[in-house]
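1. this is a predicted model, with the sequence first.
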Amino acid sequence: MRRLGWVLGFAIAFWSGLAAGQAPSGVTVVTEKTSGDVGLKVGGRLEVHLEANHTTGYLWVQEPVEKPVLQKQGKAVYEQNPSDGKVGVGGVEIWKFKAVKAGKQSLRFEYRRPWEKTASAAKTLMFDVTVE
């Protein structure tokens, strides 16, 4: 009976964390559907998951930031959705950041073809992050 209680407690904590935008590992995850400010503590981790389709030539580009409070952790990683043998299947770009000091920062991303310098972005997203 104790084991069942432990399993239920874990399941509730797991799903509560996901509902709050937190992965089980304590990483805060935001997507295109995230709205409002994102709060982190110094040392906290943030993942930005953005739908993309690299087969079209489009990818997400992060706009540079002066005096960042978030430090990018490596390059963005592209994970293609399962394709079942189909071509042209999209996926998700995952951007990872670590909160290195207190303050506010906006993360701005543009979905564009990098070689089309004068063309407007197909999409633009912004996330406002507050680090305490």
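-> It's in.
2. in the chain, which spans are helices?
-> Shown for the chain, the helices assigned by DSSP state H span residues 2-19.
3. what are the ranges of the strands in it?
-> Assigned by DSSP state E, the chain shows strands spanning 28-30, 38-40, 45-52, 59-62, 70-72, 77-80, 91-99, 103-112, 123-131.
4. redo those as TSV? Include mean pLDDT and mean neighbour count.
-> The C-beta positions use only the backbone N, C-alpha and C, and glycine is treated the same way. Formatted as TSV, these follow (pLDDT from 0 to 100; neighbours: other Cβ atoms under 10 Å):
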stretch	mean pLDDT	mean neighbour count
strand 28-30	97	20
strand 38-40	96	18
strand 45-52	97	19
strand 59-62	96	16
strand 70-72	96	17
strand 77-80	95	13
strand 91-99	97	19
strand 103-112	96	17
strand 123-131	96	16
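5. give the contact list for the most centrally placed residue in the chain.
-> In the chain, the residue lying closest to the centroid (Cα atoms, centre = their mean) is Val48, at 0.9 Å. For Val48, the contact set (Cβ atoms under 8 Å, 6 or more residues apart in numbering) comprises Val29, Val30, Thr31, Ile94, Trp95, Lys96, Phe97, Leu107, Phe109, Phe127.
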